[in-house]
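Engineer: Here's a sequence, model it:
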Amino acid sequence: MCFWSLKIMAHGLCTRGLLLFLIYIDLFDYLTSSDVIDANEMYAMLSNDSIYNKLVPPANTVKVYAGYNLQNVNSFDAKLKIFSTTGFFTLKWQDDRLKWNSNNGDIQHIFVPEEKVWHPDLVVLNLIQELDNKLGAERPIRIFEDGTLVWKQIAILSTFCYTYVFFFPFDRQTCSLQLTSLDFPMNAVDLEYLETTADLKEYSLHAEWQVVKTSYIPYYLFTDNYQELNEIIQFSMELKRNPVHYIMIIIIPTIITAVLTFVTFFLPLKSGIRIGYILTVVLALVVILTLFVDSMPTSTTFPSILVISITVALIMAFLLIIITIFVMRLYDKPKTSKAPNWMHSFVRKSRNLKLKCTARKRNRVEQHQDIEHVEDGSPKEEIDHVDKKSPTKLYRNKELAEFFDYFLFVVYSVFYVLVILAILILAGVVYYYQNKLRNE
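Structural biologist: Got it, this is the predicted structure:
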């Protein structure tokens, strides 16, 4: 009887010990395992620092996927090189400690304050104006049942953007947002792309700038005297300027004013209004350049081709002032004042050259007609209608002025066209090499 009692007691102690052991294992599993029963327990766990330590990363190397959604281009000051945007970053990573079982219709995701969980501390490197709060401050983090965390950070940023203004206002600019983690090196936080391009689904069109394309470019930054390597994700945006505004208020008035300089040669010399007219045109060019100098971007490398064109128009207008003064001074000289001999010689040689060309052209026509009537086919001897032994003639000052007025008009026009062609060729060469470097 006693034996059976002892056996029953021993069996009861074993069963009680086994139950206590299982309860202990279950409690230990609750404290240490990443599997939480439901979402309510997840909130309770995040409030207990002894169970979940937000200062400890979820793994030795956390892979963080980053994306960018562009909503607005607020402004782009090409003169100050400030690019202002509104959008949000989307960060996604995995934390196996924050899993729970969502069977039986339980909640599949929850939102928690960002200070409750571990998250990557990311910054934008090329910021110009410091943010009032840290990036993503006071923004909730979404936790899914499988331990995936998604954090959307609203970002109103003013960043530095290098500008290349040679083709202004037909230029394209490439601006970027450089996202990195300075506190965690690459072996602790591995940044990856969430998508291949920036999200433009919610983008609002800008009046002056059009987003042509977006891209992500990874590169690396050495810190702590080249001891650590930090990964940087660069969200690049290629912007195209809308040139209609500048065409209407700068380019068209400049072209019209430049064309008006040629009208100077069609004004009569004896009226004396030429000098006043060309001075008015020069003043108009100066006013155009002064009014819009603030809206034109500056560059320390190459000036804008529009600035070059307006400067050339000003130089040519000043050259025309010198020509006008020369011709009018010669025209208004009294009859008793003799012009220099080189002027008479130049006019004489120019007219003789013109007569020779006319005579040779007429001789070729006559020879062609005579060949048809000569049986042996030998043409007659060329007749020079220009008398080489004509006496030296002195021209009147007004005749000299009229000749130089026409001659300088031709020279000025040809020179102006050559300068414009040189500017266009320069622009074409720069455009070709720029596209070649961009494609490489």
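Engineer: only C-alpha atoms for contact and neighbour calcs from this point on.
Structural biologist: OK.
Engineer: buried residues in stretch 282-298?
Structural biologist: Val282, Ala284, Leu285, Ile288, Leu289, Met296, Pro297, Thr298 (16 or more other C-alpha atoms under 10 Å).
Engineer: Over to Pro254. Which of the three states is it?
Structural biologist: Small correction: residue 254 is Thr, not Pro. Following DSSP: H, G, I helix; E, B strand; the rest coil, the label given to Thr254 is helix.
Engineer: ok, it to Asp405 distance?
Structural biologist: Counting by C-alpha to C-alpha, to the nearest Å, the gap from Thr254 to Asp405 is 25 Å.
Engineer: swap in Leu135?
Structural biologist: From Leu135 across to Asp405, the span is 70 Å (C-alpha to C-alpha).
Engineer: residue ranges with poor pLDDT in the stretch 1-150 of the chain?
Structural biologist: For the stretch 1-150 of the chain, the stretches with pLDDT under 70 are 1-39, 102-106, 132-134, 136-137.
Engineer: cool, and the stretch 251-400 of the chain?
Structural biologist: Across the stretch 251-400 of the chain (using pLDDT under 70), the flagged ranges come out as 298-301, 359-393.
Engineer: if we go to 80?
Structural biologist: 271-272, 291-302, 335-336, 354-394 (pLDDT under 80).
Engineer: In it, mark out all the helices, start to finish.
Structural biologist: Here the stretch 251-400 of the chain has its helices, by DSSP state H, counting those that start in this stretch, at 252-260, 274-291, 305-331, 341-371, 397-439.
Engineer: Looking at those, which is nearest to Val73?
Structural biologist: helix 397-439 (23.3 Å; C-alpha to C-alpha).
Engineer: Output the helices of the stretch 251-400 of the chain as a markdown table; include the columns distance to Phe76.
Structural biologist: Listed next are the helices of the stretch 251-400 of the chain as a markdown table, based on distance: least, C-alpha to C-alpha, whole Å:
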| stretch | distance to Phe76 |
| --- | --- |
| helix 252-260 | 24 |
| helix 274-291 | 20 |
| helix 305-331 | 19 |
| helix 341-371 | 57 |
| helix 397-439 | 22 |
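Engineer: and the residue minimising distance to the centre of the chain, what is it in contact with?
Structural biologist: Closest to where the C-alpha atoms of the chain average out (C-alpha atoms, centre = their mean) is Gln173, at 0.7 Å. When contacts are counted by C-alpha atoms under 8 Å, 6 or more residues apart in numbering, Gln173 touches Thr163, Tyr164, Glu238, Leu239, Lys240.
Engineer: Next: Val62.
Structural biologist: Trp93, Gln94, Ala188, Val189, Asp190.
Engineer: tell me the phi and psi of it?
Structural biologist: Main-chain dihedrals, Val62, degrees, to the nearest 10: phi -100, psi 120.
Engineer: Could you report the separation of it from Asn72?
Structural biologist: Per C-alpha to C-alpha, Val62 is found 31 Å from Asn72.
Engineer: Also Ser304?
Structural biologist: Computed as C-alpha to C-alpha, the Ser304 to Asn72 distance reads 27 Å.
Engineer: can you map out the strands along the stretch 1-150 of the chain?
Structural biologist: Using DSSP state E, counting those that start in this stretch, the strands found in the stretch 1-150 of the chain span residues 35-36, 62-77, 82-94, 99-100, 109-112, 123-124, 141-144, 148-160.
Engineer: which secondary structure elements does the fifth one contact?
Structural biologist: Read it as strand 109-112. Strand 109-112 makes packing contacts with strand 141-144 when contacts are defined by 3 or more C-alpha pairs under 8 Å, 6 or more residues apart in numbering; DSSP states H and E.
Engineer: Out of the helices of the stretch 251-400 of the chain, indicate the one that is most buried.
Structural biologist: Stretch with highest mean neighbour count among these: helix 305-331 (a mean of 18; mean count of other C-alpha atoms under 10 Å).
Engineer: So which other helices or strands are in contact with it?
Structural biologist: Helix 305-331 packs on helix 252-260, helix 274-291, helix 397-439, going by 3+ C-alpha pairs under 8 Å, 6+ apart.
Engineer: Can you name every helix or strand that the longest one contacts?
Structural biologist: Other elements packing on helix 397-439 under the criterion 3+ C-alpha pairs under 8 Å, 6+ apart are helix 305-331, helix 341-371.
Engineer: out of these, nearest to Ile249?
Structural biologist: Set against Ile249 and scored by C-alpha to C-alpha, these come closest in helix 305-331, at 12.5 Å.
Engineer: quick one: the closest one to helix 252-260, angle?
Structural biologist: For helix 305-331 against helix 252-260, the angle by axes from the mean of the first three to the mean of the last three C-alpha atoms, to 10 degrees is 20 degrees.
Engineer: Distance to Met343 for the strands of the stretch 1-150 of the chain - can I get that in JSON lines?
Structural biologist: What follows is the strands of the stretch 1-150 of the chain, written out as JSON lines (distance: least, C-alpha to C-alpha, whole Å):
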{"stretch": "strand 35-36", "distance to Met343": "104"}
{"stretch": "strand 62-77", "distance to Met343": "55"}
{"stretch": "strand 82-94", "distance to Met343": "59"}
{"stretch": "strand 99-100", "distance to Met343": "99"}
{"stretch": "strand 109-112", "distance to Met343": "93"}
{"stretch": "strand 123-124", "distance to Met343": "71"}
{"stretch": "strand 141-144", "distance to Met343": "88"}
{"stretch": "strand 148-160", "distance to Met343": "60"}
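Engineer: Good, wrapping up.
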